[in-house]
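Colleague: 3D, please:
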Amino acid sequence: MSVMNIKLRHVRCFVAVAMEKSFARAADRLAVSQPALSQTINQLETTLGFLVFERTTRSVKLTANGQLLFESATKLNNAMDTFYCDIKSLQVSVVNEVRLGYLIGTAVDFMPDIVSEFERRRPHASLKLVEFDFNNPDAGLGSKQVDCGIFRPPLEIGDIQVVELAREKCVVCLPAGHALAQQKSVRVAQLLDEPFIAAPKGGVWRDFWLANDFRDGKPPKVAFEAATVDAELQAVATRKGISITAESTAKYYARPGVVFLPIHEMAECSIAIGFGDSSNPLVMELVEIAKEVAQRYMRLGMVDDELLSIDLRGLLPQAAHLT
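Modeller: As a prediction, the model looks like this:
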């Protein structure tokens, strides 16, 4: 019989009997029955073609050939123990790690609290945050770079589950000195002929922020493409065009040269967390934490109304009207 038929269980049983010098004690150590252990050793000796133990009614000891095998068998046994420990450690590290993607500028209010609460509940787990710009509005979900992602719908991704976390108003971002900047609010119709700052890639997400649902098929005037909030607002401040953004942008990204105004008729935008068919049990716990934290912030009110008409023109020289 070929030595290739020798399995790890044969080696483990051989080492246990050799160390215990007793089939009964070795069987207890391996948590197997003594007849099963004896059968395994017999299989090993049959495959080898020689005996490895000398058996009497009172003792068990290695034969000369068995002694020659014992050292290498012990090394293999120890190596497999180390290998199994490494596997267990790797399994623990994988199960205890969650990769959370997030779209830049999204959930700025409550993202720190989501992280803090997760770390409080799971102190031995690792939460890896991955930021994505407007080139990837799905926050890495489509490419499966993350276990879950916080983003702003709409998206064109199948096979993901989406849980809405919060809603907020849409606002227009205008350059200081723009004719509409003198108003307290605007209508969507007033914006449609303006040059727009847009995300770099097409799709339903870009279409939403270009207000394409209101255009009756007429294409928007895209004057500039920006991949980040900072790049978007810088383009507005330098009068390349206007943009539509979320109201929390007015709170966290306000700067000289830009004015934020509420938009009539436009639906609220939402913040959501999405996830695929993940086998990681921590994903659902993170989703629940995100829901709890977001609901708490929504009850408190995410953005104060007075922040929605921020005009910082006084900090800069008067800008020319954008036409």
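Colleague: elements contacting the helix or strand of the chain with the lowest mean pLDDT?
Modeller: When the helices and strands of the chain are scored by mean pLDDT, DSSP states H and E, helix 64-95 comes last with a mean of 84. Contact here means 3 or more Cβ pairs under 8 Å, 6 or more residues apart in numbering; DSSP states H and E; on that basis helix 64-95 packs against helix 8-20. C-beta: built from backbone N, CA, C; applies to glycine.
Colleague: circling back: which is the next helix or strand following the least confident helix or strand of the chain?
Modeller: Counting by DSSP states H and E, the next helix or strand C-terminal to helix 64-95 is strand 97-103.
Colleague: now whichever helix or strand comes after that next one and strand 97-103, what's the angle there?
Modeller: Going down the chain from strand 97-103, the next helix or strand is helix 111-121, by DSSP H and E. Orientation check (axes from the mean of the first three to the mean of the last three Cα atoms, to 10 degrees): helix 111-121 against strand 97-103 gives 170 degrees.
Colleague: tell me the helices and strands packed up against the very next helix or strand once past helix 111-121.
Modeller: Following helix 111-121 in sequence order, the next helix or strand is strand 126-132 (DSSP H and E). Packing partners of strand 126-132 (3+ Cβ pairs under 8 Å, 6+ apart): strand 97-103, helix 111-121.
Colleague: quick check: buried residues in strand 126-132?
Modeller: Buried residues in strand 126-132, counted by 16 or more other Cβ atoms under 10 Å: 127, 132.
Colleague: go on, stretch 9-22?
Modeller: Buried residues in stretch 9-22 (16+ other Cβ under 10 Å): 10-18, 20.
Colleague: mind listing residues that contact it?
Modeller: With contact meaning Cβ atoms under 8 Å, 6 or more residues apart in numbering, stretch 9-22 is reached by 23, 26, 29-30, 32, 37, 40-41, 43-44, 47, 52-53, 59-62, 66, 69-70, 73-74, 76-77.
Colleague: go again with 7 Å.
Modeller: Contacting residues not belonging to stretch 9-22 are listed as 23, 26, 29-30, 37, 40-41, 43-44, 52-53, 59-62, 70, 73-74, 76-77 [Cβ atoms under 7 Å, 6 or more residues apart in numbering].
Colleague: let's see the PyMOL selection covering just the buried ones among the residues you listed.
Modeller: Buried members of those, defined by 16+ other Cβ under 10 Å, are picked up in PyMOL with:
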select buried, resi 23+26+29+30+37+40+41+43+44+52+53+60+62+70+73+77
